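K.L.:
quick one: sequence plus predicted model below, questions after.
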Amino acid sequence: LSEQAPHLVKALSPVWIATPYNVHHLPETVRFDAVFVLDAGSVSVAETVGALRRAPQLVVVGDPVTHTPQPFTLALRSPERTTRESDEWHHESLLSRTREVMPTFRLTNSHRSSGDDLAAIINDAFYGDTLSFIPWAGSFLGHPSVATHWVEDGHGMPDSRTGLVEAVAAEVQTVVQHVMDHAMARGNESLMVLTPSALHAQAVRDAVAVAGAQKPESHTFFQKTREAFVVSTLEDAGGLTRDRVIFSLGYGRTPHGRVISDLGPLSEQGGDRLLAAAFTSARRHLRVVTSVHPDDLRDARLSANTRALGEVLALVSAPRLPERDDDDHDPLLVDLGKRLEVLGMTVELNYRGEIPLAARYGGYCIAVDTDVSLMNTSVREALRMRPAALAASGWHHVKTHALELFSAPDEVAARIATLVGIAADD
């Protein structure tokens, strides 16, 4: 049809979606006004040239912090990666190449739903504190999104060939226990275990299989096909995301308590991107399980990448507290907040710098926007994107006008109270 009636095809289907590996199936006569390449940091120029040549305009979108092209082969080869394989491919991605010759625009508003403390760690450790996130309602209710489990007896013998201490039994069992607890108590949420060690990943898979067989009531969770439970290495995760992620370091200490400085892929060039990809793979909660204390990884004698891991783990152990907001607030919102507090709600103004007024009661979280607070946003963002992002993060969105807050503040407060289940006479 595209060869016999090309104009009709464009009218019927103005937007086409394809992977870089099936574009060659299109007839040579098919051309487009523009080509958009998503996840451009994960593909090379050679992989996308078949699509790039079909349009005079090109827009590439990608994340230089977490994306790196991954090689694949149809031949048997050694699993060991060379330095070039682990780092230089990053500089050969379509995103890196086009940034050298095309104008760039940095997107700083993250629409990923993530816990506030986890988002703060990601922002501080990997993005230079340049991103803004929609706060998670769960954090406003007091639920943490980051946890650390240090395995005190995480000792093991170094491997005779590699010299690494991997798949320590105590850490494997700790991970398995967390997996089984999740399967029994949070079966409605997806889970993934990530580790830089392939040996540790296999040990966890085997141990989970044994533990799952002993608890038939957990089979429903492990048999889910949508966002199924998976244990993966960082290199094989390939952009996978889950509601909850267990990041297990997989490397332990010698029987004498000494830490081996080589932590596999994390100690190599490009290890910081693998770590960033692991932390950004969790939508709701990240649990770090490690046999190595963060202080042991901050020794000046260690490599820069190993020390960087220690700094990130230190942030996980002691997340940065948000700064108190002492700025002047909209008097109309201050008045509304006092009325809501009288009704028994907990109120915070300018919550995380993103929500003008946040209120909670029981398990309900309310995000209040006004026409004044949305004045500098586009109509599309104010009417569609922001409400959708707030809803995805667990908020009930309420939009009101300054005139309404001035003329009928009690009615606004009553409307919010009804939304959270507070009776009018409470």
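P.N.:
Cool, got the structure.
K.L.:
distance of residue 243 from residue 314?
P.N.:
25 Å (CB to CB, to the nearest Å). Where C-beta positions appear, they are placed from N, C-alpha and C, glycine not excepted.
K.L.:
residue 148 against residue 315, yeah?
P.N.:
No. Residue 148 is beyond contact range of residue 315, at 10.2 Å (criterion: CB atoms under 8 Å).
K.L.:
so for those two, which sits in the more crowded spot?
P.N.:
Taking other CB atoms under 10 Å, residue 148 and residue 315 do not tie; residue 315 has more neighbours (19 against 16).
K.L.:
could you list the low-pLDDT ranges of this protein?
P.N.:
In the predicted model of the chain, residues 1-3, 71-87, 319-327, 424-426 satisfy pLDDT under 70.
K.L.:
for the residue nearest the centre of it, give me phi and psi.
P.N.:
Among the residues of the chain, the one closest to the centroid is residue 280, at 2.7 Å (CA atoms, centre = their mean). Dihedral angles of residue 280 (phi, psi; degrees, to the nearest 10) stand at phi -90, psi 0.
K.L.:
from residue 107, how far out is residue 44?
P.N.:
For residue 44, the distance to residue 107 (CB to CB) stands at 22 Å.
K.L.:
mind checking which of these two has more residues around it?
P.N.:
Between residue 44 and residue 107, residue 44 has the larger neighbour count (other CB under 10 Å), namely 18 against 9.
K.L.:
that one: what's it in contact with?
P.N.:
Residue 44 makes contact with 69, 89, 92-94, according to CB atoms under 8 Å, 6 or more residues apart in numbering.
K.L.:
got the residue ranges for the strands in this protein?
P.N.:
Secondary structure of the chain (DSSP state E): strands at 34-37, 57-60, 109-110, 132-133, 146-150, 191-195, 230-233, 242-248, 282-290, 346-351, 355-361, 364-370, 396-400.
K.L.:
of all those strands, which one is nearest residue 258?
P.N.:
Between residue 258 and the strands of the chain, the shortest separation by CB to CB is 15.5 Å, and it involves strand 282-290.
K.L.:
by contact count, what packs against that closest one?
P.N.:
Judged by 3 or more CB pairs under 8 Å, 6 or more residues apart in numbering; DSSP states H and E, the packing partners of strand 282-290 are helix 116-126, strand 146-150, helix 169-185, strand 242-248, helix 304-317.
K.L.:
strand partners of the shortest one, parallel vs antiparallel please.
P.N.:
Using DSSP bridges, the strands paired with strand 146-150 in its sheet are strand 282-290 (parallel).
K.L.:
what do you get for the fourth one?
P.N.:
Paired strands of strand 242-248, with direction, are strand 191-195 (parallel), strand 282-290 (parallel) (DSSP bridges).
K.L.:
pick the most buried one from those strands.
P.N.:
strand 191-195 (a mean of 26; mean count of other CB atoms under 10 Å).
K.L.:
circling back: adding distance to residue 167, write the strands of the chain out as TSV.
P.N.:
Converted to TSV, the strands of the chain look like this (distance: least, CB to CB, whole Å):
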stretch	distance to residue 167
strand 34-37	39
strand 57-60	39
strand 109-110	34
strand 132-133	35
strand 146-150	17
strand 191-195	9
strand 230-233	12
strand 242-248	10
strand 282-290	13
strand 346-351	43
strand 355-361	43
strand 364-370	41
strand 396-400	46
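K.L.:
pick the most buried one from the ones you listed.
P.N.:
For these, the highest mean count by mean count of other CB under 10 Å goes to strand 191-195, at a mean of 26.
K.L.:
tilt between it and helix 169-185?
P.N.:
Orientation of strand 191-195 against helix 169-185 (axes from the mean of the first three to the mean of the last three CA atoms, to 10 degrees) gives an angle of 170 degrees.
K.L.:
any idea how far stretch 32-49 is from the middle of the chain?
P.N.:
Stretch 32-49 sits 23 Å away from the centroid of its parent chain (CA atoms, centre = their mean, to the nearest Å).
K.L.:
save the strands paired with strand 242-248 as JSON lines, and put in distance to residue 133 too.
P.N.:
Conversion of these to JSON lines gives the following (distance: least, CB to CB, whole Å):
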{"stretch": "strand 191-195", "distance to residue 133": "21"}
{"stretch": "strand 282-290", "distance to residue 133": "12"}
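K.L.:
residue 270 against residue 66, yeah?
P.N.:
No. Counting by CB under 8 Å, residue 270 does not reach residue 66; the two are 10.9 Å apart.
K.L.:
got JSON lines for the helices and strands packed on strand 282-290, with distance to residue 209 too?
P.N.:
Below are these laid out as JSON lines (distance: least, CB to CB, whole Å):
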{"stretch": "helix 116-126", "distance to residue 209": "29"}
{"stretch": "strand 146-150", "distance to residue 209": "22"}
{"stretch": "helix 169-185", "distance to residue 209": "10"}
{"stretch": "strand 242-248", "distance to residue 209": "16"}
{"stretch": "helix 304-317", "distance to residue 209": "29"}
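K.L.:
contacts for stretch 376-386, please.
P.N.:
Stretch 376-386 has contacts (CB under 8 Å, 6+ apart) with 111, 369, 374, 397.
K.L.:
er, stretch 173-187 actually
P.N.:
149, 151, 189, 191, 193, 204, 207-208, 211-212, 215, 217-218, 220-222, 229, 244, 246, 248, 287, 289.
K.L.:
so how far is that stretch off the chain centroid?
P.N.:
So, by CA atoms, centre = their mean, the centroid of stretch 173-187 is 21 Å from its chain's centroid.
K.L.:
what's the answer for stretch 30-37, then?
P.N.:
Relative to the centre of its chain, stretch 30-37 is centred 29 Å away, using CA atoms, centre = their mean.
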